[in-house]
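**Q** with the input below, show me the fold.
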Amino acid sequence: MAKVLSKSVPVSATVFPILFAISIVHLLNDTMQSTVSALFPVLRDSMHLSYKQIGFIAFAMNVTAAVIQPLVGMYADRRARPYILPVGVCFTLVGVVALALAPHYAYVVIAVMLMGIGSAIFHPESSRVAYMAAGGKRGLAQSIFQVGGNIGGALGPIMSAAIFVPLGQISVLWFVIAACAAIVIQSYVARWYGQNALQPRPAGSKPKAASGEKKDRAPGGLSRNQVIWAITVLVFLVFTKHIYMSSLSSYYSFYLIDHYGVSVQHSQLFLFSFLAASAAGTFFGGPLADRYGRRNIIWFSILGTAPFSMLLPYGNLLWTSLMCICAGFVLSSAFSIIVVFAQELMPGKVGLVSGLFFGLAFGIGGLGSAVLGWIADATSIDFMMKLCAYLPLLGILAVALPKDEQVRA
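**A** All right, here's what the predicted structure looks like:
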């Protein structure tokens, strides 16, 4: 890998070794992040937490990331900052250690906020690397980057069933190894990124946008208002997607325990099946969008989830698990495409767009977890799941997006 990373590669080529490297780091980063939700059943019992307190833990981590990520993206758009790639994972490393040793609820909240800072630094600049290494395959590149994170998130329930439930909170310390591995890989990626994003320019030449980006102009003749409207629609679609995802990633295991009487460990296996299907959907979404169009796949992904989400709360355990798997696969094909679509709407602002949309994803996920926890406490977890089932219907707003040829003309 070192040999590949040391070379300067034309931005027109798709640099798969770099894409796979940042995908692996994304996997390691999100595996560490997933320890938080994977610990929820353990923390609920050991610290006697309510659903509102559990929701606030997710809120604290995700909103910390949400606030910082756009700022990191704007900062990186001015000049590439390769050195911050390993720095972000260092924050996550400190958060992992703090989480494993946290004796009280307040310390847990502080630990997850440190992990949120790590994600805030990691995602925007790594997304810029994916954009630069994509060549002409931006959908595929973003999907490769994203699928690593989804796989990492899917490992959380397995870790809960196999490690956290039997061994307890202290077992989180094992993930120090993952953090150290991620720091090493990010150091290699940072070297490639620095060599390709910071190439010296001939005297008197005008600066070029990093990573082969277009000049900052409205694409395809779209007016400023049309671009603003399209970005607004994309933001709203991210909102609906991640609120629904939060209802499942944070509370699906509790729903299975309370509604069907399954054990904590078995509930984590059902949650894993949902998250694994989400990872598969993320991988297939990008290549399908490259072939059939960004707008078409966004439309299909979010609105197409509705039949499965609406049927999910009304069947037996097998039916519910099948509907959950289908909903996860279809819905998760959208996010990487939404990011690429927004990057093409705002050329020259890859870092800002990446930070904004990753920040929104984290922030909405955290806010959703907190609000849904309050609803579950005030009513019941059954009512909360049935209420969230209607959110994917709002995907009909994708019809307001401009056509692909308008964006890339």
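**Q** quick one, what contacts I375?
**A** By C-beta atoms under 8 Å, 6 or more residues apart in numbering, the contact list for I375 reads F383, M384, L387. No exception for glycine: its C-beta is placed from N, CA and C like everyone else's.
**Q** any stretches of the stretch 201-350 of the chain with poor pLDDT?
**A** Of all residues in the stretch 201-350 of the chain, those with pLDDT under 70 make up the ranges 201-221.
**Q** residue ranges for the helices of it, please.
**A** For the stretch 201-350 of the chain, the helices identified by DSSP state H, counting those that start in this stretch occupy 224-260, 264-292, 294-303, 306-311, 317-331, 335-345, 350-378, in order along the chain.
**Q** most packed of the ones you listed?
**A** Greatest average neighbour count among the helices of the stretch 201-350 of the chain goes to helix 335-345 (a mean of 26), per mean count of other C-beta atoms under 10 Å.
**Q** got the angle between it and helix 350-378?
**A** In terms of direction (axes from the mean of the first three to the mean of the last three C-alpha atoms, to 10 degrees), helix 335-345 departs from helix 350-378 by 140 degrees.
**Q** elements contacting helix 335-345?
**A** Helix 335-345 sits against helix 138-159, helix 224-260, helix 264-292, helix 294-303, helix 350-378, helix 404-408, with contacts defined as 3 or more C-beta pairs under 8 Å, 6 or more residues apart in numbering; DSSP states H and E.
**Q** and the contacts of that helix?
**A** Residues outside helix 335-345 that contact it (C-beta under 8 Å, 6+ apart): 127, 131, 138-139, 142-143, 145-146, 219, 222, 227, 230-231, 234, 237-238, 241, 282, 285-286, 289, 294-295, 297-298, 301, 349-350, 353-354, 356-358, 361, 401, 407-408.
**Q** let's go with 6 Å and repeat that
**A** Contacts of helix 335-345 from elsewhere in the structure, counted by C-beta atoms under 6 Å, 6 or more residues apart in numbering, are 138-139, 142-143, 146, 227, 230, 234, 285-286, 289, 294, 297-298, 350, 353, 357, 407.
**Q** how close does R44 sit to S119?
**A** The gap separating R44 from S119 is 23 Å, by C-beta to C-beta, to the nearest Å.
**Q** out of the two, which sits in the busier spot?
**A** S119 (29 against 16; other C-beta atoms under 10 Å).
**Q** which ones are touching that one?
**A** The neighbourhood of S119, defined by C-beta under 6 Å, 6+ apart, consists of A65.
**Q** check which helix or strand covers it.
**A** Assignment of secondary structure by DSSP states H and E places S119 within helix 105-133.
**Q** what count of nearby residues applies to S263?
**A** Neighbour count for S263, taken as other C-beta under 10 Å: 12.
**Q** ok, for it, nearest residue in space, not its chain neighbours?
**A** I257 (7.6 Å; C-beta to C-beta, 6 or more residues apart in numbering).
**Q** just H26 next, same as before
**A** G148 (3.6 Å).
**Q** and K52, by the same measure?
**A** Distances taken as C-beta to C-beta, 6+ apart place G373 nearest to K52, at 4.8 Å, with adjacent residues excluded.
**Q** thought that neighbour was touching L49?
**A** No - counting by C-beta atoms under 6 Å, G373 does not reach L49; the two are 9.8 Å apart.
**Q** now do the contacts for the nearest residue to G293 once chain neighbours are set aside.
**A** Counting by C-beta to C-beta, 6+ apart, G293 lies nearest to D404, which is 4.6 Å off, once chain neighbours are set aside. By C-beta under 6 Å, 6+ apart, the contact list for D404 reads G293, R294, R295.
**Q** show me what the helix or strand encompassing V25 is packed against.
**A** In the assignment (DSSP H and E), V25 maps to helix 16-38. Using 3 or more C-beta pairs under 6 Å, 6 or more residues apart in numbering; DSSP states H and E as the contact criterion, the secondary-structure elements in contact with helix 16-38 are helix 105-133, helix 138-159, helix 176-197.
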